[in-house]
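Colleague: one predicted model, sequence on top.
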Amino acid sequence: MSDVKTYEPEIIFDKQGNPHEVVDWDHDYEGAKLGFWIFLLTEMMIFGSLFLVYTFYSYQHGAQFSAASIHMNRLLGGINTFILLISTLTMGLSLANLRNGHVAVCKKYIWATIILATLFLAIKYTEWTLEIGEGFYPGSPSADLAALGHGGKLFFGLYFTMTGLHGVHIIVGIGVMLWLLSLINRGKITPENFVVLENTALYWDFVHIVWIFVFPIFYLIY
Amino acid sequence: MSSTHTSFYQETHTVFGHHDNKFLQWIFSIDHKRIAIMYGIVMFSFFGIAVLIALSMRLELFYPGQQIMGPQTYNEAFTLHGIIMIFIFIVPGIPATLGNFLLPLQIGARDVSFPRLNLLSFWVFVLGIIAVLTSLFWNGNAPDTGWTFYAPYSTKTGSNIVMALTGAYLLGLASILTGINFIATTHRLRAPGMGFFKMPLFVWGLYATSWIQVLATPIVGITLVLVILERVFGVGVFDPTKGGDPVLLENLFWMYSHPAVYLMILPAFGIASEIIPTFCRKPIFGYRAIAISSSMIAFIGYLVWGHHMFTSGESNTVALVFSVLTFLVAVPTSIKFFDWIATMYKASIVFDTPMLWTLGTFITFIIGGMTGLILGAVGVDVYFHDTYFVVAHFHYAILGGVVFLMFAGMHYWFPKVTGKMYNELHGKIAFYIIFVGFNTLWFPMFVAGALGMPRRYFDYLPQFTIYHQIATVGSWIFAFGLIYMFVNLYKGIRKGKPAGPNPWNATTLEWQIPSPPQAENFGTIPYVDFMPYEYIKGEPVHHMDLSVDESKKGAHHE
């Protein structure tokens, strides 16, 4: 494995004698970024399909979707939005600090992000518990849910699907951040070699942007 | 060419550095060539199983009435046949095996962009297979929905749909990861000087395919997840009793799965574009047109999914629009075919096995493609929908197009992968047996379908008996041909003559290094200021030896 060795790119020459650098997979910053952006594109397609499904049904059951939206807890949802926005800031600051050489500060900001993400999940859990307690969940026999009609059932079905999938992404994010910390401790991520942290920050941005779309379509439509 | 080189069979890099154990050296190897071979072994084992299932289905259909299996078993059999063939064999098929092996070699790279991700995607693939297999034996019936998992049946049936869906999801994930890897590799690791319009056409095919994998597969992934959630939690998205719409599943499903058809065929066309110039000893005609038409097919492929649902109640206008868009796919496809034919014009063609397979495929694929136009026409499709005509069309296009070209590629690159030659005569005989068996098997289905034989039925009216019997006879000829071909290839591996680096006098970069290649492919990476298929008077313009670079020897990657 490459420790502190400095990497010297391989050079080849064309017929005129001009030098050209051979890109090597092992030291390809651009490639690592490109690959991650394409991965984010696939994530976008996944959430995009769900937004499409949401649009399809909200077009069919507009009034019932609005009626169902009243039962959302906007206070908790709003707090969560706020938490996630701050966590994006801390994530960004961790990257900025690493690039400036402040490794210890960087680690603190990653920990802050992890704590905020956990808080988000805790609040989300509370919210789900409240909603399930009131009988608003897929397959519930509740009369309140039945009163909301087909639109209401679809609304809550999609709500649990989309926030659930988003939650899974948060959990994965926390796992990745813990892995990041161990990589930093083992000297695999350094102020010179930070592409993994940069990609994670991109991922975290993506997760918060998805929430920025999920929040209004469920909480703010009535 | 230096005879002392060590090939990738002797030396490899693994995720955990070095292993003494040969088996672990394989399953932890991050060498794209070894991963390709592992994919190949797993995939062809399952191909064999799916063929056996198909043979048993054909036996069942030899006479009307029940012979060897009941209706439920028959439903499970065609579902399993479909899942294995589509998700395990065809979709990853050419990219994961030949593509993985050849992409870095053809662009002058030492590996793919993310070798560890490559290994991960293989393991996800294996995990997906395990999930699919579990669904067969775990607590209840095997899936019986067909490989399309249409709602509401898939949300109601008592069989193990959730496990099968999980498996299909994982297989899709593996395919996405391969796609990401290939796109990054193509963009970043081309040898200096190799612009996009100096890449071999197989790379173009893989590149277009990778974009389909990346953009389309997530949609089917989430659709499968929605069906799982539907079954487990009763979410209601596809359940009419909760306001859901089963046709929405068809829309989401085909939004992916139709582009996936082109995902299967594009790399196969790439193989044809490699083989034809080599065996015609001529530069390919219309290089740019072939390259761009791959991207055109990939793009139009997204716009045609509605032609699977002409009978689902979509409006006439929508059906007509999808019909017209479907016809448009024929344009870039024809561009390729005419370019290939123009390349062959006045060439002194060498009819070795790979070329024979390619030409044979033209016949079967053109039948498959033309009947595709018939099915793409709304009025006709309403009549042919869900008949054996569709079955025949599908197998002509996919088996007679994709798999046959895959066989062509297998023969073409066999010397590169193994370093040995197969027996040419037996290779040709195998082709003819398979070709005859194939047509005997599926051509009668066009007729049966046109006369009204519905697909997916385990029983039929007596007037269809003759078509089923011809088809069943064909299926045995076909299976015999397959065995013949694989035995010949296996014998080639065992006791074939050494092939040398470039047995076909081909021009692309992979033929300028020893067969089999060394661990990191190239000693010297060339500056590419030439087109991929350059012949003058039937001889390749460039003869290079890229196997060793004395100045850098031992310096690269420990």
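Modeller: Arrived safely.

Colleague: count of residues packed around B:Gly205?
Modeller: 29 (other Cβ atoms under 10 Å in any protein chain shown). C-beta: built from backbone N, CA, C; applies to glycine.

Colleague: packing partners of the longest helix along chain B?
Modeller: Criterion DSSP state H: the longest helix present in chain B is helix B:246-280. Contact analysis of helix B:246-280 by 3 or more Cβ pairs under 8 Å, 6 or more residues apart in numbering or on different chains; DSSP states H and E lists helix A:29-60, helix B:91-94, helix B:201-233, helix B:287-300, helix B:316-344, helix B:353-376, helix B:404-418 as its packing neighbours.

Colleague: for the residue of the stretch 301-450 of chain B found nearest chain A, give me its contacts.
Modeller: Using Cβ to the nearest Cβ, B:Tyr302 is the residue of the stretch 301-450 of chain B that sits closest to chain A, at 11.4 Å. By Cβ atoms under 8 Å, 6 or more residues apart in numbering or on different chains, the contact set of B:Tyr302 is B:Leu215, B:Ala216, B:Met255, B:His258, B:Pro259.

Colleague: make a markdown table from these and add pLDDT, distance to A:Val176 and neighbour count to it.
Modeller: Below are the contacts of B:Tyr302 laid out as a markdown table (pLDDT from 0 to 100; distance: Cβ to Cβ, whole Å; neighbours: other Cβ atoms under 10 Å in any protein chain shown):
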| residue | pLDDT | distance to A:Val176 | neighbour count |
| --- | --- | --- | --- |
| B:Leu215 | 91 | 24 | 20 |
| B:Ala216 | 89 | 26 | 28 |
| B:Met255 | 87 | 30 | 20 |
| B:His258 | 90 | 34 | 23 |
| B:Pro259 | 90 | 30 | 28 |
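
Colleague: hmm, which two among those are most spread apart?
Modeller: For these, the farthest-apart pair by Cβ to Cβ is B:Leu215 and B:His258; their separation is 12.6 Å.

Colleague: pLDDT wise, what is residue 23 at?
Modeller: Looking at chain A here, since you left the chain open. On pLDDT, A:Val23 comes in at 88.

Colleague: correction: the question concerned chain B.
Modeller: For B:Phe23, pLDDT reads 89.

Colleague: that one sits in which helix or strand?
Modeller: For B:Phe23, the element it lies in under DSSP states H and E is helix B:22-27.

Colleague: so which bits of the next helix or strand after that helix are buried?
Modeller: Downstream of helix B:22-27, the first helix or strand assigned by DSSP H and E is helix B:32-60. For helix B:32-60, the neighbour count (16 or more other Cβ atoms under 10 Å in any protein chain shown) marks B:32-40, B:42-43, B:46-51, B:53-54, B:56-58, B:60 as buried.

Colleague: same deal with stretch B:515-523?
Modeller: Buried-residue list, stretch B:515-523, by 16+ other Cβ under 10 Å: B:Ser515, B:Pro516, B:Pro517, B:Gln518, B:Ala519, B:Glu520, B:Asn521, B:Phe522, B:Gly523.

Colleague: how far does that stretch sit from the chain's center?
Modeller: The gap between where stretch B:515-523 is centred and where its chain is centred comes out at 25 Å by Cα atoms, centre = their mean, to the nearest Å.

Colleague: and stretch A:207-222, by the same measure?
Modeller: Centre-to-centre, stretch A:207-222 and its host chain are 13 Å apart (Cα atoms, centre = their mean).

Colleague: OK, contacts around the residue of chain A found nearest chain B?
Modeller: Chain B sits closest to A:His150 of chain A, with a gap of 2.5 Å, by Cβ to the nearest Cβ. Applying Cβ under 8 Å, 6+ apart, we find A:His150 in contact with A:His61, A:Gln64, B:Gly236, B:Lys242, B:Gly243.

Colleague: touching, the last one and A:Tyr57? I think so.
Modeller: Yes - with contact defined as Cβ atoms under 8 Å, B:Gly243 and A:Tyr57 form a contacting pair (7.4 Å).

Colleague: overlap in contacts, the two.
Modeller: With Cβ under 8 Å, 6+ apart, B:Gly243 and A:Tyr57 have common neighbours A:Gly151, A:Leu154.

Colleague: between those two, point out the one with more neighbours.
Modeller: Taking neighbours as other Cβ under 10 Å, B:Gly243 and A:Tyr57 compare with A:Tyr57 leading, 24 against 20.

Colleague: residue contacts, the more buried one?
Modeller: A:Phe65, A:Gly151, A:Leu154, A:Phe155, A:Leu158, B:Val237, B:Gly243.

Colleague: try 7 Å this time
Modeller: A:Leu154 (Cβ atoms under 7 Å, 6 or more residues apart in numbering or on different chains).

Colleague: do A:Asp144 as well
Modeller: A:Glu134, A:Gly135.

Colleague: now do B:Pro501
Modeller: B:Met1, B:Trp511, B:Ile513, B:Pro514, B:Ser515.

Colleague: just the buried subset of those residues, please.
Modeller: Here, 16+ other Cβ under 10 Å leaves B:Trp511, B:Ile513, B:Pro514, B:Ser515 buried among those.

Colleague: looking at the residues you listed, spot the one nearest chain A.
Modeller: For the buried ones among the contacts of B:Pro501, the nearest to chain A is B:Ile513 (15.4 Å; Cβ to the nearest Cβ).

Colleague: do I have it right that that closest one meets B:Leu546?
Modeller: Yes - shown here, B:Ile513 and B:Leu546 form a contact pair, counting by Cβ atoms under 7 Å, at 5.2 Å.

Colleague: what residues are shared contacts of those two?
Modeller: Listed as contacting both B:Ile513 and B:Leu546 by Cβ under 7 Å, 6+ apart are B:Phe522.

Colleague: any weak-confidence spans in chain B?
Modeller: B:1-4, B:549-558 (pLDDT under 70).

Colleague: tell me which residue of it lies closest to chain A.
Modeller: Counting by Cβ to the nearest Cβ, chain B gets nearest to chain A through B:Gly243 (2.5 Å).

Colleague: and for that residue, nearest residue in space, chain neighbours not counted?
Modeller: Distance criterion Cβ to Cβ, 6 or more residues apart in numbering or on different chains; nearest residue to B:Gly243, sequence neighbours excluded, is A:His150 at 2.5 Å.

Colleague: and the helix or strand where the one you found lies, which residues are buried?
Modeller: For A:His150, the element it lies in under DSSP H and E is helix A:149-185. Under the neighbour-count criterion of 16+ other Cβ under 10 Å, helix A:149-185 has A:149-163, A:165-167, A:169-170, A:173-174, A:177, A:180, A:184 buried.

Colleague: stretch B:287-301 too?
Modeller: B:287, B:289-294, B:296-301.

Colleague: contacts for it next, please.
Modeller: Outside stretch B:287-301, the residues that reach it (Cβ under 7 Å, 6+ apart) are B:197, B:201, B:204-205, B:208, B:211-212, B:258-259, B:262, B:266, B:269, B:273, B:284, B:325, B:328-329, B:332-333, B:335-336, B:339, B:531.
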